[in-house]
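A.B. asks: no sequence on this one, just coordinates:
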C-alpha cells in the first residue's frame with residue numbers, strides 16, 4: 001500500500017484544467033483523487049475551499065475538486081498529521097506563493113512562506129485542521145489560482161532504488177531526480 005501511494009507523486013504533473021483529470025500515462029495510470037480521514041468534515045472542507053477548491057458530494061461523500069484531482073473527506077479519527085510519516089505532504093503549484101500565503105493567513109489558516117535552499121525559491125506551507133502538511137511551489141505562468149497536485153513521500157535512503165523500480169514498473173512513474181536524506 002505504501003509503495004502504491006509513493007508512486008502517485010511521481011507520475012506526471014496534472015494540467016490546469018478545472019473540469020477533468022489528466023489523461024493516463026503509458027501505463028494507464030493518472031493521479032485523480034486522494035482520501036483524508038478528518039475529525040471535522042466542515043472545518044476540513046473550509047480549509048480546502050480556502051486553498052482554491054470547489055466543494056461537492058460524490059456518492060454521499062464530501063469532496064473538494066481542484067484542477068485534475070478530487071480530495072475526499074471522510075469523518076473519522078486520524079492517526080496524526082503528516083510530519084514523520086511516509087506521506088510527508090501534498091503539493092500544488094500557485095502563481096504567487098507570497099500572495100497565496102497572505103490570503104490563506106487572512107482567512108485564518110495556518111500558513112507560511114519560506115525560502116527553500118533545495119528548490120531555490122519561495123515555497124509555501126499550509127496545514128489542515130488535522131495537521132496534514134500542504135506545500136505550494138510557484139509557477140508564474142499558471143493561469144488558474146492552484147493546480148498540479150502531487151504527493152511527496154519520504155523513505156529511507158536505502159529504499160529509494162527499490163521504490164523507484166517498483167513504481168516505475170507498476171505505475172509507469174518517471175523519475176527526473178531525487179533528494180535523499182539518510183534516516184536512522
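C.D. replies: Good, I have the coordinates. Only a predicted model underlies this, so the values are computations on that prediction, with no experimental measurement involved.

A.B. asks: and residue 57, backbone torsions?
C.D. replies: phi -120, psi 140 (degrees, to the nearest 10).

A.B. asks: may I have the beta-bridge partners of it?
C.D. replies: Beta-bridge partners recorded for residue 57 (DSSP bridges): residue 62.

A.B. asks: ok, which stretches of the protein are strands?
C.D. replies: 33-38, 54-58, 61-66, 69-75, 87-94, 110-116, 121-127, 133-138, 147-153 (DSSP state E).

A.B. asks: who touches the shortest one?
C.D. replies: The reference is to strand 54-58. 18, 45, 48-49, 62-66, 70, 72 (C-beta atoms under 8 Å, 6 or more residues apart in numbering). Bear in mind the C-beta positions are built from the backbone N, C-alpha and C, glycine included.

A.B. asks: report the rounded mean pLDDT for it.
C.D. replies: Averaged across strand 54-58, pLDDT comes to 95.

A.B. asks: sketch out the low-pLDDT regions of this protein for me.
C.D. replies: 1-20, 22, 87, 118-119, 153, 175-184 (pLDDT under 70).

A.B. asks: center of it, which residue is that?
C.D. replies: Among the residues of the chain, the one closest to the centroid is residue 90, at 2.3 Å (C-alpha atoms, centre = their mean).

A.B. asks: on that earlier part again, export the strands of the chain to a markdown table and tack on distance to residue 167?
C.D. replies: Shown next, in a markdown table, are those (distance: least, C-beta to C-beta, whole Å):
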| stretch | distance to residue 167 |
| --- | --- |
| strand 33-38 | 16 |
| strand 54-58 | 27 |
| strand 61-66 | 22 |
| strand 69-75 | 18 |
| strand 87-94 | 14 |
| strand 110-116 | 24 |
| strand 121-127 | 24 |
| strand 133-138 | 20 |
| strand 147-153 | 10 |
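
A.B. asks: who does residue 127 bridge with?
C.D. replies: residue 110, residue 133.

A.B. asks: isn't it right up against residue 112?
C.D. replies: No - counting by C-beta atoms under 8 Å, residue 127 stays clear of residue 112, with 9.0 Å between them.

A.B. asks: higher neighbour count, those two?
C.D. replies: Taking other C-beta atoms under 10 Å, residue 127 and residue 112 do not tie; residue 127 has more neighbours (19 against 12).
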